[in-house]
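Asker: coordinates for the following, if possible.
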Amino acid sequence: MQVMARSLPLDKHKLVTYLRKEFKEVVAVTGDGTNDAPALHEADIGLAMGIAGTEFDGKRLLKLSASDTTAILNTVIFNTFAFCQVFNEINSRDMEKINVFRSFFDSWLFIMVMVSTVTFQCIIVEFLGTFANTVPLSWDLWLASILLGAGSLILAVILKCMPVEKSKVAAATKHHDGYEPLPSGPDMA
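Answerer: Coordinates of the predicted model:
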């Protein structure tokens, strides 16, 4: 999986078209305006996010009523996104296996990266408000952020259980990035 961020709408459309037609890749695109519509339409998965990706009724949903609700809401969104990435690191440990926690503590380097990421996230949100444009969160908003991020663990299990049929064309062609396909089957789960 590769990510291209902060790109022009025309660049998005060109890249999506190229990856789909030349390399037969599955492409997902996010966009926040009508100028992204061509790329969203061309992609296999297109997600239109609204203004800055944050257009939803979060103040009501999270029962925020303080004077700085917008700042709190933005921090919760930032924090949730960070925890989605943390849990994505766990999901990505082994793309083929359902139980990503097997041998979880065998790699001290992985554990150190995870602890460092979470520690720095806490420091950024709680103590670097002026620098990072965040506000300290209450324990229940921290819990909500972590639980929303942890939802990616459940989503990953569901997606890994879905059967994916390999096309004859994909099996016969060498992958453009030089990687060979991972072995699959019931013994790999």
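
Asker: for Gly46, give me its contacts.
Answerer: Neighbouring residues of Gly46 by Cβ atoms under 8 Å, 6 or more residues apart in numbering: 28-31, 39-40. Using the backbone N, CA and C atoms, a C-beta is placed for each residue, glycine as well.

Asker: name the nearest residue to Ile45, ignoring sequence neighbours.
Answerer: Nearest residue to Ile45, sequence neighbours excluded (Cβ to Cβ, 6 or more residues apart in numbering): Ala28, at 3.9 Å.

Asker: for Leu62, see how far away that neighbour is.
Answerer: Going from Ala28 to Leu62 by Cβ to Cβ, to the nearest Å gives 27 Å.

Asker: picking up where we left off before, now the contacts of Gly46: which count as buried?
Answerer: 29-31, 39-40 (16 or more other Cβ atoms under 10 Å).

Asker: what's the closest of these to Asp11?
Answerer: Ala39 (8.7 Å; Cβ to Cβ).

Asker: correct me, but the closest one touches Pro9?
Answerer: Yes: counting by Cβ atoms under 8 Å, Pro9 is a contact partner of Ala39 at 6.3 Å.

Asker: overlap of the contact sets of the two?
Answerer: When contacts are counted by Cβ under 8 Å, 6+ apart, Ala39 and Pro9 are jointly contacted by Gly31.

Asker: can you give me the strands in the protein?
Answerer: Assigned by DSSP state E, the chain shows strands spanning 28-31, 45-48.

Asker: need the helices for the chain, in chain order.
Answerer: Here the chain has its helices, by DSSP state H, at 9-22, 37-42, 58-61, 69-91, 108-127, 129-132, 139-161, 168-172.

Asker: export the ones you listed to CSV and tack on distance to Phe101 and mean pLDDT?
Answerer: Output for the helices of the chain, formatted as CSV (distance: least, Cβ to Cβ, whole Å; pLDDT from 0 to 100):
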stretch, distance to Phe101, mean pLDDT
helix 9-22, 33, 87
helix 37-42, 35, 83
helix 58-61, 30, 73
helix 69-91, 8, 87
helix 108-127, 12, 92
helix 129-132, 31, 83
helix 139-161, 9, 89
helix 168-172, 31, 60
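
Asker: could I get those helices in CSV, plus columns for distance to Arg102?
Answerer: Shown next, in CSV, are these (distance: least, Cβ to Cβ, whole Å):
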stretch, distance to Arg102
helix 9-22, 33
helix 37-42, 37
helix 58-61, 35
helix 69-91, 12
helix 108-127, 13
helix 129-132, 35
helix 139-161, 13
helix 168-172, 29
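
Asker: of those helices, which is nearest Ile98?
Answerer: Judging the helices of the chain by Cβ to Cβ, what sits closest to Ile98 is helix 139-161, at 5.5 Å.

Asker: circling back to that earlier point, and which of the contacts of Gly46 is nearest Val135?
Answerer: Thr30 (25.8 Å).
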